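Enquirer: predicted model and sequence below, questions to follow.
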Amino acid sequence: MTTTLRRVPPVVWVFLAVPAAVELGMVFWPALNSFYLSFTQWNGLGAAKPVGLDNFRALGSDEIFLGALKNNVLWAVGFGGLSVLTGLALAVALNRPRRGVGLYRSAIYLPMVFSLAVTGLFWRVQYQPDGTINTVLGGLGLGGWEKQWLADPDTALWAVLVAAVWRQAGYVMVLYLAGLKSTDPSLDDASAVDGASPWQRFRFVTWPQLRGVNTVVFAVTVIDSLRTFDIVWAMTQGGPYHSSELLSTYMFQQGFTFLNLGYASAIAVVIFAMALVFIITYLVRATKNEVEA
Amino acid sequence: MRGKSGWGFHAVMAPLTLLWVAPMIFVVVVAFRSFDDITLHGASAFPRSFTFDGFSTALGTGSMGRAMWISAQVTVPAVILSLLLSSFAAYALSRYRIPGRRAILLTMLAGNLLPPQILLIPVSRVMESLGIYDTLGALVLIHVGFGLGFYTFVLHGFMRSIPAELTEAARIDGAGPVQIYARIIMPLCRPSLAALGALATTWIFNDLIWAITVLRTEAKLPVTAALLNLQGGYVSNWNVVAAASIVAAVPTAIVFFAFQKHFVSGLLMGSTK
């Protein structure tokens, strides 16, 4: 392959240089700036004042930040775990072609095309005091469980999580459906003939063949969960009393509401550091595909 | 799963799917009810009214109509520019012996994987210094810049699979790099361009965080951001909120149904292969 690639004419350099310059200016240069800003104190006017590690030290004793960090971990586990479990179960159920499967699949991944903001509002309608959730609970005789789901600090984060999983599960299902398509059906049939139960067949025959997809799904969901912003912003804005605060929403408030630009940048750097491992995982996987292709 | 008749399968899947779509159905029902009906009988009561009031308020005073037009003005150029620039880069990296091309490709992809939070504050500053802060041009520019890495990566994978003989023959016939790009490579890339186009359209249309980062004037906000503003202004007018969120959901739902195959293959690009 390599030998057939041509020597590089000048116009091709231009082809590469223009997009590269746009990405440098819009992504890499700003990212470097954030690192710099995280070591400063700045309100956007005048010059940023270097303060060394002060911002990071302050983060260590900032209750709201620590709460958001804890929520973010819960979020990553809950959001990742639930959407992977649901998506995988649905993919296994809807893998074999049969009547109606197409309809089920479309219905389940339809929410994925809505924006997170739309999803958030859809669910606000469900969670309002006389919305579907409370009405269904009342109808089941569980009136005592009715709540102001989004206004209660005990439930707000989880209420948002349900909405987010509702949207994400379809995406995970699509990824797993593709993964299942590339598994070898004859192995599954053979083990069925040998008398393996459906669970054994899944656990010992199908699951090991899904390793590649698992890596991608894992990296993608963790990266997504660290980025999560829109849906929380649309449903609770991190409240009540910061109970559904995530690092991204706290960062946005610090940066754009309070104009603590240095401090907000420090939070952004923490988000970056947490995402880094998973970004690398994804890149390694991508490189492997490049080599195999 | 077991049993060839599939009764058990449908007995589980049909109610489950219904449960899945129930929130959407409920929102649609609420959107078509009148405000009085909802206040009087409760949001979950059986509908006793049918009206387009929610939609006309959302599109009119709720300014969703204006926001929709703004979103179109942002999404169309951003998608076209993204695909154009990324196809340039992918062409250069896949068909020519550019030193360090793999490192360049992966660096570009890595840029797309960065959490946007690490870019927000400096991006708004960069836009200010370019003198385009609070303009739709700024929003287009950041969408293009941030998405480029991923689109380039996907298109690169596809362009590399185009046999070298095709371009070689054209070259011998005297075609230059630009002609080869325009007459051979791009036409062959149509399926992956369609898939990426469908995907990019929904991403850009659905964006919230970049819009509220580079725009300040309320009258310039695209759909998602305008939707949240509207929600603040019509707190208990659930019919208006529901109607507005449906308005915001319809364009991407259309893209999805029109390009369902492309859309799904787009999602799979760069993830499993």
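Expert: Received, thanks.
Enquirer: any weak-confidence spans in chain A?
Expert: A:1-6, A:289-293 (pLDDT under 70).
Enquirer: in it, which spans are strands?
Expert: Secondary structure of chain A (DSSP state E): strands at A:40-41, A:49-50.
Enquirer: can you list those in CSV and add mean neighbour count?
Expert: Using the backbone N, CA and C atoms, a C-beta is placed for each residue, glycine as well. As requested, the strands of chain A are exported to CSV (neighbours: other Cβ atoms under 10 Å in any protein chain shown):
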stretch, mean neighbour count
strand A:40-41, 17
strand A:49-50, 12
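Enquirer: what's the closest of those strands to residue A:190?
Expert: For the strands of chain A, the distance to residue A:190 is smallest for strand A:40-41, at 63.6 Å, taking Cβ to Cβ.
Enquirer: hmm, who's touching that closest one?
Expert: Contact with strand A:40-41 is made by A:48, A:49, A:50, A:51, A:54, A:55, A:262, A:263, A:265, as judged by Cβ atoms under 8 Å, 6 or more residues apart in numbering or on different chains.
Enquirer: so how far is that strand from its chain's centroid?
Expert: Chain-centre distance of strand A:40-41: 30 Å, with Cα atoms, centre = their mean, to the nearest Å.
Enquirer: give me the sheet partners of it and which way each runs.
Expert: strand A:49-50 (antiparallel) (DSSP bridges).
Enquirer: quick one: contacts of the strand it pairs with?
Expert: Here strand A:49-50 makes contact (Cβ under 8 Å, 6+ apart) with A:39, A:40, A:41, A:42.
Enquirer: hmm, back to that, quick check: ChimeraX command selecting the buried ones in the contacts of strand A:40-41.
Expert: Selecting the buried subset of those in ChimeraX, with 16 or more other Cβ atoms under 10 Å in any protein chain shown as the burial test, is done by:
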select /A:48,51,54,55,262,263,265
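Enquirer: if we only consider the contacts of strand A:40-41, which is nearest to residue A:110?
Expert: Nearest to residue A:110 among those, with distances taken as Cβ to Cβ, is residue A:265, at 37.7 Å.
Enquirer: contacting residues for the residue in the stretch 101-250 of chain A positioned nearest to chain B?
Expert: Residue of the stretch 101-250 of chain A nearest chain B, by Cβ to the nearest Cβ: residue A:115 (3.3 Å). Contacts for residue A:115 (Cβ under 8 Å, 6+ apart) come out as A:230, B:205, B:206, B:207, B:208, B:223, B:224, B:248, B:249, B:252.
Enquirer: just the ones of these in strands?
Expert: Short answer: those have none in strands (DSSP E).
Enquirer: now the residue in the stretch 101-250 of chain B that chain A sits nearest to: closest residue in space, sequence neighbours ignored.
Expert: Nearest residue of the stretch 101-250 of chain B to chain A: residue B:145, at 2.5 Å (Cβ to the nearest Cβ). Leaving aside its sequence neighbours, residue B:145 sits nearest to residue A:26 (Cβ to Cβ, 6 or more residues apart in numbering or on different chains; 2.5 Å).
Enquirer: mind listing the helices for the stretch 151-293 of chain A?
Expert: Using DSSP state H, counting those that start in this stretch, the helices assigned to the stretch 151-293 of chain A run over residues A:156-181, A:185-193, A:198-200, A:207-209, A:211-227, A:230-235, A:247-252, A:261-292.
Enquirer: who wins for proximity to residue A:124 among those?
Expert: helix A:230-235 (5.9 Å).
Enquirer: show residues contacting the closest one.
Expert: Helix A:230-235 is contacted from outside by A:115-117, A:119-121, A:123-124, A:150, A:156, A:159-160, A:163-164, A:167, A:238, A:244-246, A:248-249, A:252, B:208-209, B:224, B:227-228, B:231, using Cβ under 8 Å, 6+ apart.
Enquirer: may I have it as PDB, with CA atoms only?
Expert: What follows is helix A:230-235, C-alpha atoms only, in PDB (Å, rounded to 0.1, in the frame of the first residue of the first chain):
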ATOM      1  CA  ASP A 230     -26.800  19.200  28.600                       C
ATOM      2  CA  ILE A 231     -29.300  16.900  30.200                       C
ATOM      3  CA  VAL A 232     -28.400  18.000  33.700                       C
ATOM      4  CA  TRP A 233     -28.500  21.600  32.600                       C
ATOM      5  CA  ALA A 234     -31.900  21.100  31.100                       C
ATOM      6  CA  MET A 235     -33.400  19.300  34.000                       C
END
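Enquirer: burial check on residue 133, number of neighbours?
Expert: Picking chain A for this. For residue A:133, the tally of surrounding residues (other Cβ atoms under 10 Å in any protein chain shown) stands at 21.
Enquirer: not quite, I wanted chain B
Expert: If you count neighbours by other Cβ under 10 Å, residue B:133 ends up with 17.
Enquirer: just to be sure, it is in a strand?
Expert: No - counting by DSSP: H, G, I helix; E, B strand; the rest coil, residue B:133 falls outside a strand, being coil.
Enquirer: check contacts around it.
Expert: By Cβ under 8 Å, 6+ apart, the residues touching residue B:133 are B:124, B:127, B:214, B:216.
Enquirer: filter those down to just the ones in helices.
Expert: Counted as lying in helices by DSSP state H, out of the contacts of residue B:133, are B:124, B:127, B:214.
Enquirer: ok so, going back, so which of the contacts of residue A:115 is the most crowded?
Expert: Neighbour max across the contacts of residue A:115 (other Cβ under 10 Å) = residue B:223, 31 neighbours.
Enquirer: how close does it sit to residue B:210?
Expert: Distance from residue B:223 to residue B:210, counting by Cβ to Cβ, to the nearest Å: 13 Å.
Enquirer: do the same with residue B:72
Expert: Distance, residue B:72 to residue B:210, using Cβ to Cβ: 16 Å.
Enquirer: what about residue B:267, distance to residue A:109?
Expert: Residue B:267 is 9 Å from residue A:109, by Cβ to Cβ.
Enquirer: now swap in residue A:270 and tell me
Expert: As judged by Cβ to Cβ, residue A:270 and residue A:109 stand 33 Å apart.
Enquirer: out of the contacts of strand A:40-41, who's nearest chain B?
Expert: Closest approach between those and chain B, by Cβ to the nearest Cβ: residue A:265, at 5.9 Å.
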